[in-house]
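Mind looking at a prediction? Sequence and model below.
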Amino acid sequence: MKPSPFSMEKLFRISSCLTIVGLVIEIISLWWIHPLAFALFAFVGASLIGLGILIYLASLVFATPSTGENR
Amino acid sequence: MSQPIGLLITLIAVTIAVAALFFVHPSIIRGATGKILAFIGLCVLPALCVAAGMSTHMARSEQTKFCISCHSMENYGKSLYVDDPKYLPAAHFQNHRVPPGTACYACHADYTIYGPLKDKLQGVKRIYIQYVGRPPDKIEMSGGYSNLQCLHCHAGARGFEGNPVHVALMDSLKTNQMSCLTSGCHDTIHNASQVDQLKMWSPGR
């Protein structure tokens, strides 16, 4: 099997970064009551968080474990 | 609101803290505890935040101030204060026949983001038209106004069922063959285009 070019740690970093940005956007969207706040949350915040979760789950399946990782 | 906003903010803050931990020290995943923490911090908690956030936003979208925050809805919001009992939305709003805080939602609960997926997409289209396109001069509801929106409160109420006109037309009203609003009975609705020329009611006076 061809090893994945991405290490698990790198993918975790990307996943956590997307999740943090998405959550910050969610907090901003909760700041005011307006249709744009809803759109910001639904289309930007939730999408980034969802992408973060997908990358985390993908890292469990496809990423190569880092050297020295307990298995 | 479906849950206290403070609780949601706390949940988001905790999730950010855990996610930040993995951003700064991704090597934590090497241990079994780290793997469990990663599953909670990068999957379970973020999913909970999205679900709670969606629930909060949906609850907020039922508020009157949410609906009238769009420029094209301003006059519809003003029409709730018209000082004339013939104006149906104003009479309902001013006499608290509908909750004032969710007055729009009380009578328009079957479309835009309140309804099923098709209606939610319609709601998104309206947001697009408001901010990217050009809102129409005259706003019309696609498919017309359903009597069910009136009947979900009035059906079974003594004042409604005891009215001989309603009794005679009941089948037509319940099957939506005759409209409560456009059949000449209760036809003074928002009249948004002329609202600036009407006498207004001020609460507390």
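Cool, the structure landed.

Please compute how far stretch B:83-92 lies from its chain's middle.
The chain centre lies 20 Å from the centre of stretch B:83-92; the measure is Cα atoms, centre = their mean, to the nearest Å.

Same question for stretch A:20-27.
Computed by Cα atoms, centre = their mean, the chain-centroid distance of stretch A:20-27 equals 11 Å.

Mind listing what's buried along stretch B:7-17?
Within stretch B:7-17, the residues that count as buried by 16 or more other Cβ atoms under 10 Å in any protein chain shown are B:Leu8, B:Leu11, B:Ile12, B:Thr15, B:Ile16. Quick note: C-beta positions are derived from backbone N, CA and C, even for glycine.

Quick check: the last one touching A:Ile25?
No - with contact defined as Cβ atoms under 8 Å, B:Ile16 does not count as touching A:Ile25 (11.4 Å).

In the buried residues of stretch B:7-17, find the pair that's most separated.
B:Leu8 and B:Ile16 (12.6 Å; Cβ to Cβ).

Now the most centrally placed residue in chain A. Its backbone dihedrals?
Central residue of chain A (Cα atoms, centre = their mean): A:Gly52, 1.4 Å from the mean position. Dihedral pair for A:Gly52: phi -60, psi -40, per degrees, to the nearest 10.

what does B:Ser146 give?
phi -80, psi 140.

so who does it touch?
Neighbour list for B:Ser146: B:Asp110, B:Asn176 [criterion: Cβ atoms under 8 Å, 6 or more residues apart in numbering or on different chains].

Try it again at 6 Å.
Shown in contact with B:Ser146 (Cβ atoms under 6 Å, 6 or more residues apart in numbering or on different chains): B:Asn176.

ok, it to chain A distance?
B:Ser146 sits 23 Å away from chain A, going by Cβ to the nearest Cβ, to the nearest Å.

Against B:Arg60, how distant is that residue?
Between B:Ser146 and B:Arg60 the computed distance is 24 Å (Cβ to Cβ, to the nearest Å).

now swap in B:Met54 and tell me
Between B:Met54 and B:Arg60 the distance is 11 Å, computed by Cβ to Cβ.
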